[in-house]
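> My questions are about this predicted structure, shown below with the sequence.
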Amino acid sequence: MAKKVGIVMLGAGFMGKAHSNGWMKVSKFFNVPYEPVLKVVAGLEKDVIGQFAECWGYESSTLDWKEAVARDDVDIVCVGTPTNLHKEMVIEAAKTEKRFSTKSLRPCHARKLLKWPML
């Protein structure tokens, strides 16, 4: 039985849709020991994120991305916002010791940014 992992999606635009689709279908492409559970989507417009949550199967939505990242039922922070917002969001995710997913900040850059040792 796959271990369930809670996902927070930051951003409800095109990349939010693309990443949500990926989380929903990951087990169709790869043999993974995890089952993504779409917990919460965070965005800027209440109506947009409410519709997004309903369409993509998220359990809830919020206007407060920091609150979403801090939730106890969230294991992975998926950043799908405009690139200029990624740095602050990744730092916040790292502070909570959660995994994060973003296209614009590679792990080596994150380690440098957060002063983590290279493994």
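Now that the structure is in, tell me what you want to look at. Numbers count the residues shown, from 1 in each chain.
> tell me the contacts of residue 59?
Residues near residue 59 by Cβ atoms under 8 Å, 6 or more residues apart in numbering: 37, 38, 39, 40, 53. Placement of C-beta: from N, CA and C, glycine included.
> so what's the third one up against?
Residues in contact with residue 39 (Cβ under 8 Å, 6+ apart) are 6, 7, 8, 58, 59, 60, 71, 73, 74.
> what number of residues lie near the nearest residue to residue 5 once chain neighbours are set aside?
In space, and not counting its chain neighbours, residue 5 is closest to residue 75: 4.3 Å by Cβ to Cβ, 6 or more residues apart in numbering. Applying the criterion other Cβ atoms under 10 Å, we find 18 residues in the vicinity of residue 75.
> do residue 51 as well
Residues within reach of residue 51, counting by other Cβ under 10 Å, total 13.
> got it, and the one 5 residues further on?
With neighbours defined by other Cβ under 10 Å, the count for residue 56 comes to 18.
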